[in-house]
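1. Provided below are the primary sequence and the corresponding predicted coordinates.
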Amino acid sequence: MWLISKLRQLALVLRPGVVTLRYPFEPAVAPEGFRGRPVWDHHKCLGCGACSDHCSARCILVSDPCQELRVMLYDGARCTYCGRCAEICPEQAITMSGDFEMASGDREDLTTRLELFMLTCQRCGRCYEMENDNVLDRLDLKGYRYDHLEARAMIRKTSPQWSADLVRESKTYSRPTGRPQPGDR
């Protein structure tokens with residue numbers, strides 16, 4: 001009698017089969033319409049900075065170390081994956097991927113750095129028509145702000161935090177040669 005009861009219990013337990021995911025051996029698929037990590041296509045990017053101007057989390061920073069070079073830095077640690085950057089990009093150079101498994105102990109694993117050689121208009125010197133009507137938004141456009149790549153912050157030129165030393169740091173910018181070490185700035 002005891003043995004029959006245990007066999008019934010075993011049959012009852014085995015009936016539903018596997019009800020959990022076999023994660024991480026079989027990764028979960030992102031549902032349709034899911035917005036994961038933004039991905040840049042550097043072949044399409046014009047370097048207009050529209051993504052940076054409209055980023056609500058201020059995680060896309062732009063710096064111009066010289067006339068021909070523009071550095072765009074995406075800090076994925078602060079990104080909210082709102083998709084505004086992909087929506088505003090005039091060349092569809094940014095797409096929202098389905099990547100969501102991005103846990104890492106190294107912040108650089110979540111960072112994307114683009115170094116673009118810029119071709120500017122000979123007449124106006126710009127490559128993008130700004131669509132900002134708000135005066136406060138215009139203050140956040142290039143020329144009125146300084147994007148400090150090392151601190152990963154946008155600093156308005158009218159704020160007390162801005163100084164000429166920051167501009168000197170940008171002019172002496174050099175391409176990173178390897179992964180930053182924990183003590184590096």
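-> Alright, I've got the coordinates. Values in this document were obtained by computation on a predicted structure and should not be read as measured data.
2. Could I get the pLDDT score of the residue lying closest to S104 once chain neighbours are set aside?
-> On the basis of Cβ to Cβ, 6 or more residues apart in numbering, the spatially nearest residue to S104 that is not a chain neighbour turns out to be L110, at 6.3 Å. Quick note: C-beta positions are derived from backbone N, CA and C, even for glycine. You'll see L110 listed with a pLDDT of 90.
3. next one: the one 3 residues further on
-> Note for R113: predicted pLDDT of 91.
4. after the one helix or strand in the chain whose mean pLDDT sits lowest comes which helix or strand?
-> Of all regular secondary-structure elements in the chain, judged by mean pLDDT, DSSP states H and E, the least confident is helix 135-139 with a mean of 55. Toward the C-terminus, helix 135-139 is succeeded by strand 145-148 as the next helix or strand (DSSP states H and E).
5. what's the helix or strand just after that following strand packed up against?
-> Along the chain past strand 145-148, the next helix or strand (assigned with DSSP H and E) turns out to be strand 153-156. With contacts taken as 3 or more Cβ pairs under 8 Å, 6 or more residues apart in numbering; DSSP states H and E, strand 153-156 sits against strand 145-148.
6. neighbouring contacts of the strand it packs on?
-> For strand 145-148, the surrounding residues in contact (Cβ atoms under 8 Å, 6 or more residues apart in numbering) are 52, 61-63, 73, 139, 153-157, 162, 166-167, 169-170.
7. what about 6 Å?
-> Under the contact criterion Cβ atoms under 6 Å, 6 or more residues apart in numbering, strand 145-148 has outside partners L61, V62, S63, M154, I155, R156, W162, L166.
8. Quick check: M72 is in a helix.
-> No: secondary structure of M72, determined by DSSP: H, G, I helix; E, B strand; the rest coil: strand, with no helix assignment.
9. Pull the contacting residues for it.
-> M72 makes contact with V62, L114, according to Cβ under 6 Å, 6+ apart.
10. count of residues packed around Y144?
-> Applying other Cβ atoms under 10 Å, we find 11 other residues in the vicinity of Y144.
11. Can you tell me the closest non-neighbouring residue to it?
-> Take Y144 and drop its neighbours on the chain: the residue closest to it by Cβ to Cβ, 6+ apart is K157, 5.7 Å away.
12. Please report how far the one you found lies from F34.
-> Distance from K157 to F34, counting by Cβ to Cβ, to the nearest Å: 38 Å.
13. now do S97
-> Applying Cβ to Cβ, the value for S97 to F34 is 9 Å.
14. ok, now D53?
-> Applying Cβ to Cβ, one obtains 25 Å for the distance of D53 from F34.
15. So which of these two has more stuff around it?
-> In this view D53 and F34 are compared by other Cβ under 10 Å, and D53 has more residues nearby, 21 against 13.
16. phi, psi of the more buried one?
-> For D53, the backbone dihedrals are phi -70, psi -30 (criterion: degrees, to the nearest 10).
17. go on, L3?
-> Summarising the backbone geometry of L3 under the convention degrees, to the nearest 10, its torsions are phi -70, psi -40.
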